[in-house]
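*Asks:* Below is the sequence, then the predicted model.
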Amino acid sequence: MGGAERGTLMRIDRQRLEEAFEALGKIGETPKSGLTRLALTDEDKRARDQLVAWMRGAGLRVSVDRMGNIFGERAGSESLPPVMMGSHVDSVPTGGKYDGQLGVLCALQVIRTFNDRGVRTRHPITLVIFTNEEGARFQPAMIASGVMAGKIALGDAYNARDRHGIRLVEELERIGYLGPEPCAPRPIRAYLELHIEQGPILEEEGCTVGVVEGIVGISWSRLTLHGVQDHAGPTPMRIRHDALAAAADVIRAVRAIPGQVCPEMVTTVGRLEVSPNITNAIPGRVFMTIDIRDPKDKHVTGALGLLARAVKDAASREGVLTELERSWQVSPISFHPEVVGAVERAAEALGCRSRRILSFAGHDAQYMATLGPSGMIFVPSRHGRSHCEEEFTSMDDIEHGANMLLLAALELARQV
Ligand SMILES: [Zn+2]
């Protein structure tokens, strides 16, 4: 970008972005201004239909792939791989209006701005909306970008079932988004995703935006403890094999793992199922999940070793049997220096207060980074909160983020 152009930086139309945000936020809105828009529900369909209408209105060539991912392409001056920008429009139950759809709407607004200004780029620019990012309805999370990156088999994704036993592929078909395009690895010039931070760091440090350097590694484990179910009265303490007592030892140990491995690590036991779960029986069986996240693979491996030892110790103390299995794992990724650089230059050009930051939440960008140079822009989350109705980001911060997305996309797509 030349010095002359710097003086008159292109900016998005804030009012138009706000209007789109308000209109889309009505679809699946909760009474407290949050959002319930689970993947592939009627609400998701209505949000998709609205976006497709807006994309067509912006002159984009819209296509849908076999996982229901939606693409809207703005042609480049040459037939080259596209700069992709986007995120997701599904939400968790009683979630917020910023997680996901903000990235889609900012990308749309960037394209509308290019149209208004008659901007031409060498590379095409493609808006992408990924299916079922949250994993709230179908597991795992980021399932559709996972298929696109060749990391999850299409058949496995189709067979994912929600808690009512409905298959993902049935729902794709029902809402009319089982598209014809292959969902497979494809060349990209770059992938850019704007997203809320979902943590407190940017707000604490008074930053408007975050230049995301990468995403931490995530490991999920499942543990089942088999004790002996018995009467809570006549069974003396000395002969008990209490699955929940052993589980409590494991939970405490999991909580202590970051202190032994790395201060940046986070560990969570988020799900616990106790059987028979009644007042007057010693628990015979407990199921739990363990979520471990860290910027370094070797730390995750170290934590898994400590977890295995804690499980063994707890089992032998209480005399219970255990089954520990790893259910899902993604390695940490570093975003591409060229894209991180473009995002950082955009922040500087706009005079934004920014810092480099790591994402501790998974995003579609994690899989897209395996297809080509990728990067993310974070905007602050008030009080660090997300996945709740209180989720909020100020329009000033959003505007800065969207303008950074615009400048970074322009640099990567090579304006002509
Ligand atoms: Zn998200």
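*Replies:* Here it is on my side, so go on.
*Asks:* Help me confirm that residue 356 comes into contact with residue 213.
*Replies:* Yes. Between residue 356 and residue 213 there is a contact under Cβ atoms under 8 Å: 5.1 Å. Heads up, the C-betas are built off the backbone N, CA and C, glycines and all.
*Asks:* what's the overlap in contacts for these two?
*Replies:* Common neighbours of residue 356 and residue 213, using Cβ atoms under 8 Å, 6 or more residues apart in numbering, are residue 340.
*Asks:* which sections of the protein are below the confidence cut-off?
*Replies:* Applying pLDDT under 70 to the chain flags the ranges 1-7.
*Asks:* Which stretches in the stretch 251-400 of the chain count as helices?
*Replies:* Under the criterion DSSP state H, counting those that start in this stretch, the stretch 251-400 of the chain contains helices at 297-318, 337-350, 364-368, 395-413.
*Asks:* so the host helix or strand of residue 250 versus helix 297-318, what angle?
*Replies:* According to DSSP states H and E, residue 250 maps onto helix 243-261. Here helix 243-261 runs at an angle of 150 degrees relative to helix 297-318 (axes from the mean of the first three to the mean of the last three Cα atoms, to 10 degrees).
*Asks:* gap between helix 243-261 and the chain center?
*Replies:* 27 Å (Cα atoms, centre = their mean, to the nearest Å).
*Asks:* Repeat that for stretch 345-365.
*Replies:* Here the centre of stretch 345-365 is set off from its chain's centre by 15 Å, with Cα atoms, centre = their mean.
*Asks:* could you check whether it is close to the ion?
*Replies:* No. Using Cβ under 5 Å from the ion, stretch 345-365 stays clear of the ion, coming no nearer than 6.2 Å.
*Asks:* Tell me which other helices or strands the helix holding residue 250 touches.
*Replies:* Using 3 or more Cβ pairs under 8 Å, 6 or more residues apart in numbering; DSSP states H and E, the elements in contact with helix 243-261 are strand 217-226, strand 266-275, strand 285-294, helix 297-318.
*Asks:* how about it: buried residues?
*Replies:* 243-247, 249-251, 253-254, 257-258, 261 (16 or more other Cβ atoms under 10 Å).
*Asks:* now swap in stretch 146-153 and tell me
*Replies:* Under the neighbour-count criterion of 16+ other Cβ under 10 Å, stretch 146-153 has 146, 147, 148, 149, 152 buried.
*Asks:* so what's whichever residue of the stretch 301-416 of the chain sits closest to the ion up against?
*Replies:* Per Cβ to the ion, residue 363 is where the stretch 301-416 of the chain lies closest to the ion, at 6.2 Å. With contact taken as Cβ under 8 Å, 6+ apart, residue 363 is in contact with 87, 133, 142, 193, 195, 215, 376.
*Asks:* again, but for residue 109
*Replies:* By Cβ under 8 Å, 6+ apart, residue 109 lies in contact with 12, 13, 16, 17, 20, 402.
*Asks:* doesn't the fifth one fall inside a helix?
*Replies:* Yes. Using DSSP: H, G, I helix; E, B strand; the rest coil, the assignment for residue 20 is a helix.
*Asks:* looking at it, it is touching residue 105, isn't it?
*Replies:* Yes. Judged on Cβ under 8 Å, residue 20 makes contact with residue 105 at a distance of 5.1 Å.
*Asks:* Can you pick out the residue with more neighbours from the two?
*Replies:* Shown here are residue 20 and residue 105; by other Cβ atoms under 10 Å, residue 105 has more neighbours (28 against 20).
*Asks:* Please tell me how far that one sits from residue 300.
*Replies:* Distance, residue 105 to residue 300, using Cβ to Cβ, to the nearest Å: 34 Å.
*Asks:* quick one on the thing from earlier: of the contacts of residue 109, which is the nearest to the ion?
*Replies:* residue 402 (16.4 Å).
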